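Trainee: Sequence and computational prediction follow.
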Amino acid sequence: MPDYRIERMGAGGDGIAPGPTHISFTLPGERVEARPSGKERAALVEVLEASPERVDWPCRHFTICGGCALQHWDRHPYAAWKRGRLAEALSRAGYGDPEVGPMVPTPRNVRQRADFGLERLADGRVEIGFHERGTTNLVPMRECHVVLPNLVALLPNLAEALRGLNALRRLGSAVINMLDSGPDILLRTDMPLSMPDRRLLAAFAEAEGIPRIAWETKGGAEVAAQIRPVRHRLSGVTVSPPPGAFLQASAPGEAAIIEAVVAGLPRKRSARARVADLYAGIGTLSFPLRNHVLVDAFEGDPAAAEALRAGSNAAQAHIRTERRDLARQPLLPAELKNYLAVVLDPPFAGAPEQVAQIARSKLERVIYVSCGPAALSRDAATLRAAGFKLLTATPVDQFLWSPHLESVVVFAR
């Protein structure tokens, strides 16, 4: 069986040997024995010469569960590598050797949102967990060092309840958001819910004190059981998120992002200065921003936009909210001319359509919240070509032990 010398880390968190050959759970400088497992890939068999940066991992599921890729790496070089990913993305965009701030860490067991797989076994039992990396094979969760402990503690009783759910024939999923009002569950199943299913879910919600359980349909989500209102506070404003709403992965990570976004606002501004918050979601950034500037919020998802609007109205936050698909209908230069700045927090694929319009406008400040370095690099290159300079870049380790990176980058011209 061949052995390999690991030269560097790849973007997906794999060690890369000459070839290139990608080998998971390895580190730079290590010599390993691995079994070829596909094009440019090999599966680790044994570490022959370990890196001094290798550490014992805390979770029994590591190397099987796809939730984490880097528990075996000491936290200091791990953080430096993630910070380097942001620097590399900005360098590829044409910003030379960019100055990147220190990595903002997040602690263990703070993830407040998780998308779990569901699988019914041959004996009728239901398992809940994350999938193996790159496969649909489910790893039943017995512990987790990333997700909130009270969320993990809910899973055994949920699995037992779902055993009687007719709508789950083989495979499904459960998105669980830990809101201030308690766990909020959105189920996806391979068959429709029956009336007995709804009674089962209502009884489970009552027994466990779960405010709402919803079920995803082709047209969105419908409430299957609800025992009390759902609520979540965002920078002092109470909102009622729709089922499966996007939340920042953790409260500490969210706080770090908000701090960097607010710090990115121009210091000199009038009392009437107005900012556009694009891809605003349920108001994670809109509500803290309104403490400093006037805010117009734009969001494409109808349920999220309505939650933001209702929360703003109830709190008299005076945020103007517009439902708008920014990929199909980006704000045009004429619409951008009166804004002090634009804050955008797009999905993983970035915002090429909107950034192209920003480049054509006379806007002077862009605060870009990114969850994908590749998309950030592409959009930043567009901004650079339009004359934007890089002011600050803040990496946030929102997704602990994964290769994914959140960042807040401020551009000005």
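Mentor: Yes, it's here.
Trainee: Could you use CA atoms for every contact and neighbour count after this?
Mentor: Fine.
Trainee: Check which helices and strands the host helix or strand of Val175 sits against.
Mentor: In the assignment (DSSP states H and E), Val175 maps to strand 171-179. With contacts defined as 3 or more CA pairs under 8 Å, 6 or more residues apart in numbering; DSSP states H and E, the packing partners of strand 171-179 are strand 113-120, strand 182-188.
Trainee: My understanding was that Arg378 contacts Gly94; is that so?
Mentor: No: counting by CA atoms under 8 Å, Arg378 stays clear of Gly94, with 10.0 Å between them.
Trainee: the more surrounded of these two?
Mentor: Arg378 (19 against 16; other CA atoms under 10 Å).
Trainee: ok, which stretches of the stretch 301-413 of the chain are strands?
Mentor: Under the criterion DSSP state E, counting those that start in this stretch, the stretch 301-413 of the chain contains strands at 320-323, 341-344, 365-370, 389-396, 406-412.
Trainee: Got the domain ranges for this protein?
Mentor: Domains of the chain are assigned by automatic domain parsing as 1-54, 78-107+233-412, 113-230.
Trainee: how long is the longest one end to end?
Mentor: Meaning domain 78-107+233-412. 30 Å (CA to CA, to the nearest Å).
Trainee: which residues touch Glu208?
Mentor: Neighbour list for Glu208: empty [criterion: CA atoms under 8 Å, 6 or more residues apart in numbering].
Trainee: Likewise for Arg384?
Mentor: Ala93, Gly94, Tyr95.
Trainee: Apply 6 Å and report the result again.
Mentor: Not one residue lies near Arg384 by CA atoms under 6 Å, 6 or more residues apart in numbering.
Trainee: Check the spacing between it and Ser312 real quick.
Mentor: From Arg384 over to Ser312 the distance is 35 Å, taken as CA to CA.
Trainee: same deal with Gly281?
Mentor: As judged by CA to CA, Gly281 and Ser312 stand 13 Å apart.
Trainee: So for these two, which residue has more residues nearby?
Mentor: Neighbour comparison, Gly281 and Ser312: the larger count goes to Gly281, with 27 against 22 (by other CA under 10 Å).
Trainee: Could you look up the SS state of that one?
Mentor: coil (DSSP: H, G, I helix; E, B strand; the rest coil).
Trainee: follow-up on the earlier one: nearest to Ala317, out of the helices and strands packed on strand 171-179?
Mentor: Set against Ala317 and scored by CA to CA, these come closest in strand 182-188, at 24.7 Å.
Trainee: Point out the other helices and strands that that closest one packs with.
Mentor: strand 171-179, strand 212-217 (3 or more CA pairs under 6 Å, 6 or more residues apart in numbering; DSSP states H and E).
Trainee: who does the shortest one touch, helix- and strand-wise?
Mentor: Going back to what we said before, that points to strand 212-217. Checking 3+ CA pairs under 6 Å, 6+ apart, strand 212-217 ends up next to strand 182-188, strand 220-226.
Trainee: out of those strands, which comes closest to Val262?
Mentor: Nearest of the helices and strands packed on strand 212-217 (CA to CA): strand 182-188, 28.6 Å.
Trainee: can you state the direction angle for that closest one and strand 220-226?
Mentor: 130 degrees (axes from the mean of the first three to the mean of the last three CA atoms, to 10 degrees).
Trainee: the inter-axis angle of strand 182-188 versus strand 113-120?
Mentor: Angle, strand 182-188 to strand 113-120, by the same axes, to 10 degrees: 50 degrees.
Trainee: how distant is strand 182-188 from the center of its chain?
Mentor: Centroid separation for strand 182-188 versus its chain: 17 Å, with CA atoms, centre = their mean, to the nearest Å.
Trainee: Now for the nearest residue to Arg133 once chain neighbours are set aside, how many residues are close by?
Mentor: Of all residues not flanking Arg133 in the chain, Gly66 sits nearest, at 4.0 Å (CA to CA, 6 or more residues apart in numbering). A count of nearby residues for Gly66, using other CA under 10 Å, gives 19.
Trainee: returning to what we had before: and of the helices and strands packed on strand 212-217, who's closest to Asp197?
Mentor: Of all the helices and strands packed on strand 212-217, strand 220-226 sits nearest to Asp197, with 8.7 Å by CA to CA.
Trainee: Look up how far Val230 lies from Gly219.
Mentor: Separation of Gly219 from Val230 (CA to CA) stands at 21 Å.
Trainee: neighbour-wise, which of the two wins?
Mentor: Val230 (21 against 6).
Trainee: shouldn't Ile319 be in contact with Phe298?
Mentor: No: the criterion here is CA atoms under 6 Å, and Ile319 misses it with Phe298 at 10.3 Å.
Trainee: Those two: which is more packed in?
Mentor: Phe298 (26 against 21).
Trainee: List the contacts of the helix or strand harbouring that one.
Mentor: For Phe298, the element it lies in under DSSP H and E is strand 294-299. Outside strand 294-299, the residues within contact range by CA under 6 Å, 6+ apart are 274-281, 305, 319-324.
Trainee: Tell me which strands that strand pairs with, and in which orientation.
Mentor: As defined by DSSP bridges, the strand partners of strand 294-299 come to strand 274-278 (parallel), strand 320-323 (parallel).
Trainee: for Trp73, phi and psi?
Mentor: Here is the backbone geometry of Trp73 (degrees, to the nearest 10): phi -110, psi 130.
Trainee: How much space separates it from Glu216?
Mentor: Distance, Trp73 to Glu216, by CA to CA: 38 Å.
Trainee: Helices along the chain, start to end?
Mentor: 75-90, 149-162, 195-208, 251-263, 286-289, 302-315, 333-336, 352-360, 373-385 (DSSP state H).
Trainee: Can I get those helices in TSV including distance to Ala393 and mean pLDDT?
Mentor: Below are those laid out as TSV (distance: least, CA to CA, whole Å; pLDDT from 0 to 100):
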stretch	distance to Ala393	mean pLDDT
helix 75-90	8	97
helix 149-162	32	96
helix 195-208	43	97
helix 251-263	9	98
helix 286-289	19	98
helix 302-315	28	97
helix 333-336	23	98
helix 352-360	18	98
helix 373-385	11	98
